[in-house]
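K.L.:
Sequence first, then the predicted structure, then my questions.
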Amino acid sequence: MKVEIEDARLICVNCGRNYEGDTRLFLCPKCGGLLDVVLENLEWSPKGHGVWRYGGMLPRPPVEPVTLGEGGTPLVRSRQHSNLYFKLEGANPTGSFKDRGMTLAVTIALYSNAKSLICASTGNTAASAAAYAARAGLTANIVLPYNAVARGKILQAIAYGARILWISGSFDDAIRHVMKIVELDSRHYPMNSFNPWRLEGQKTIVFEIHEALSRVDNIIYPVGNGGNIAAAGKAISELLAVGVIGEPPRLIGVQAEGAAPLADAFERGLDRPVFYESPKTVASAIRIGRPVNWSKALRAVKSTRGAIIKVSDQEIINAQKVLGWNEGLLVEPASSAAYAGYLKALEQRLVDKTETTVVVLTGSGLKDPESLSLIRAREERVVEGELQQLLSALNKGPTPMSRETKSTQYPLN
């Protein structure tokens with residue numbers, strides 16, 4: 001049975017065909033391309049708190065939203081860079097930005113009479129889908145690549161009662177399985193970002209940044225599957241359409257060197273990604289070789305005169321350390337990749353230190369505690385019970401990390 005969202009339609013980003021706002025249509029029936037949600041009556045009238053504050057800019061099914069109070073995350077000014085701000089998405093209920101999309105996707109799934117949710121994941125989607133499924137009284141089925149997901153994220157999904165299904169391949173294999181399952185069995189509603197309804201919630205990161213800052217020159221995102229930066233591009237185009245902003249901020253995506261299909265394509269001036277069959281990076285959340293949303297992501301970056309760059313694993317770990325030691329921010333490696341990208345963009349003069357830039361820190365460091373072991377601790381052995389030795393150790397240091405030492409290289413073991 002077809003269930004539609006009023007005042008919404010779907011358009012294929014590949015062939016341009018239009019469809020009604022069918023909540024169970026995820027890919028173009030004609031060419032298999034990704035779909036965009038087009039809202040007929042956009043209205044900028046923020047009211048309330050969090051994601052649903054922007055109801056006039058979102059699809060609104062006639063049901064009570066499934067929410068855990070997501071959105072409204074802090075925007076913190078950098079201590080080191082006067083024109084840099086950090087958007088702390090790890091403050092969302094399950095510790096990542098995925099909650100923004102999940103409140104939309106699960107609400108629409110419930111409206112569609114779905115009984116079972118399914119997703120592939122590198123971890124954050126699993127935790128978020130499981131939590132919102134539990135909140136909605138639905139079953140969450142999580143397809144994970146074996147031994148390739150941070151343990152903290154798996155434990156979250158288990159704690160929320162999800163069914164965990166391991167496969168022997170990569171995330172890219174997992175998402176292919178999910179897409180095929182959804183095609184063959186309509187009882188399972190997808191929570192991955194090929195579902196265009198989910199990306200609608202992720203637009204609200206940009207809406208919040210706009211409300212907090214009168215002008216933004218650059219917004220920097222880590223890029224894995226490409227959905228988040230694609231949603232940002234859509235948010236910017238809609239803010240332009242309703243006349244809320246004049247000059248759009250540039251979108252800059254950051255990928256890890258070992259999983260950089262979009263960065264490689266951008267560097268070479270290609271229209272399609274150079275896919276990675278075996279992506280490798282310490283940043284598990286962006287360890288994706290065949291991003292589903294590649295066309296939307298490239299479109300978002302190009303339409304805002306932005307760029308996609310890549311950083312090494314060493315730069316990612318160093319950035320994670322700097323954020324912790326110098327800014328008091330504990331983030332997972334995918335988030336520190338975005339900050340490493342900012343530092344590289346400064347070096348390459350893609351951005352200027354006088355420009356207002358927001359780095360989106362997508363997930364909490366508590367979700368991937370294993371990565372924290374790559375950061376050398378400030379610790380010193382003292383003799384138990386010897387107060388004088390303890391005082392001596394305290395008085396001789398260590399001192400806070402200086403600008404001279406912040407770029408020190410640390411082995412990745």
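P.N.:
Nice, I can see it.
K.L.:
contacting residues for residue 253?
P.N.:
Residue 253 makes contact with 220-223, 226, 229, 262-263, 297, 301, 306-309, 341, according to Cβ atoms under 8 Å, 6 or more residues apart in numbering. Bear in mind the C-beta positions are built from the backbone N, C-alpha and C, glycine included.
K.L.:
List just the nearest of those to residue 175.
P.N.:
Nearest to residue 175 out of those is residue 226 (Cβ to Cβ; 12.0 Å).
K.L.:
I'd like the distance between that closest one and residue 291.
P.N.:
With distances taken as Cβ to Cβ, to the nearest Å, residue 226 is found 4 Å from residue 291.
K.L.:
picking up where we left off before, of the contacts of residue 253, which is the nearest to residue 139?
P.N.:
Among these, and counting by Cβ to Cβ, the member closest to residue 139 is residue 226, at 27.6 Å.
K.L.:
Burial check on that closest one, number of neighbours?
P.N.:
Neighbourhood size, residue 226 [other Cβ atoms under 10 Å]: 30.
K.L.:
same check, this time on residue 287
P.N.:
26.
K.L.:
for the one 10 residues further on, same thing?
P.N.:
The burial metric for residue 297, expressed as a neighbour count using other Cβ under 10 Å, is 30.
K.L.:
mind checking pLDDT for it?
P.N.:
Looking at residue 297, its pLDDT stands at 97.
K.L.:
What residues of the host helix or strand of it count as buried?
P.N.:
For residue 297, the host element (DSSP states H and E) is helix 294-303. With burial defined by 16 or more other Cβ atoms under 10 Å, the residues of helix 294-303 counted as buried are 294-301.
K.L.:
quick check, nearest of the residues you listed to residue 124?
P.N.:
So of the buried residues of helix 294-303, ranked by how close each gets to residue 124 (Cβ to Cβ), first place is residue 297, at 17.2 Å.
K.L.:
close enough to count as contact, that closest one and residue 226?
P.N.:
Yes. Here residue 297 reaches residue 226: they are 3.3 Å apart, a contact under Cβ atoms under 8 Å.
K.L.:
Would you mind listing the residues touching both of these two?
P.N.:
Jointly contacting residue 297 and residue 226 under the rule Cβ under 8 Å, 6+ apart are 253, 262, 291.
K.L.:
my read is the first one is in a helix, agree?
P.N.:
No. With DSSP: H, G, I helix; E, B strand; the rest coil as the criterion, residue 253 is assigned strand and is not in a helix.
K.L.:
so how far is residue 27 from it?
P.N.:
Distance, residue 253 to residue 27, by Cβ to Cβ: 23 Å.
K.L.:
And for the last one?
P.N.:
Note on residue 291: its distance to residue 27, by Cβ to Cβ, is 15 Å.
K.L.:
These two: who's more crowded?
P.N.:
Neighbour comparison, residue 291 and residue 27: the larger count goes to residue 291, with 29 against 20 (by other Cβ under 10 Å).
K.L.:
Can you report phi and psi for that one?
P.N.:
Backbone torsions of residue 291, given as degrees, to the nearest 10, read phi -60, psi 130.
K.L.:
Would you confirm that it contacts residue 261?
P.N.:
Yes. Residue 291 is in contact with residue 261 according to Cβ under 8 Å; the separation is 6.3 Å.
K.L.:
which residues are common contacts for the two?
P.N.:
Listed as contacting both residue 291 and residue 261 by Cβ under 8 Å, 6+ apart are residue 273.
K.L.:
helices or strands next to whichever helix or strand residue 370 is part of in the packing?
P.N.:
Assessed by DSSP H and E, residue 370 sits inside helix 369-372. Helix 369-372 is packed against helix 151-159, helix 313-327, with contacts defined by 3 or more Cβ pairs under 8 Å, 6 or more residues apart in numbering; DSSP states H and E.
K.L.:
could you dump the helix or strand just after the shortest one to PDB, C-alpha only?
P.N.:
By that I understand helix 151-159. Following helix 151-159 in sequence order, the next helix or strand is strand 163-167 (DSSP H and E). The C-alpha trace of strand 163-167 is given here as PDB (Å, rounded to 0.1, in the frame of the first residue of the first chain):
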ATOM      1  CA  ARG A 163      19.500  -7.800  16.000                       C
ATOM      2  CA  ILE A 164      23.100  -7.900  14.800                       C
ATOM      3  CA  LEU A 165      23.900  -9.700  11.500                       C
ATOM      4  CA  TRP A 166      27.600 -10.100  10.600                       C
ATOM      5  CA  ILE A 167      28.900 -10.500   7.100                       C
END
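K.L.:
where does the stretch 101-250 of the chain dip in pLDDT?
P.N.:
The model of the stretch 101-250 of the chain has no residue with pLDDT under 70.
K.L.:
So which residues of it form helices?
P.N.:
Assigned by DSSP state H, counting those that start in this stretch, the helices in the stretch 101-250 of the chain fall at 124-136, 151-159, 171-184, 196-202, 204-212, 227-241.
K.L.:
export these to JSON lines and tack on distance to residue 113 and mean neighbour count?
P.N.:
Formatted as JSON lines, the helices of the stretch 101-250 of the chain follow (distance: least, Cβ to Cβ, whole Å; neighbours: other Cβ atoms under 10 Å):
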{"stretch": "helix 124-136", "distance to residue 113": "12", "mean neighbour count": "28"}
{"stretch": "helix 151-159", "distance to residue 113": "24", "mean neighbour count": "19"}
{"stretch": "helix 171-184", "distance to residue 113": "15", "mean neighbour count": "18"}
{"stretch": "helix 196-202", "distance to residue 113": "15", "mean neighbour count": "28"}
{"stretch": "helix 204-212", "distance to residue 113": "26", "mean neighbour count": "21"}
{"stretch": "helix 227-241", "distance to residue 113": "25", "mean neighbour count": "24"}
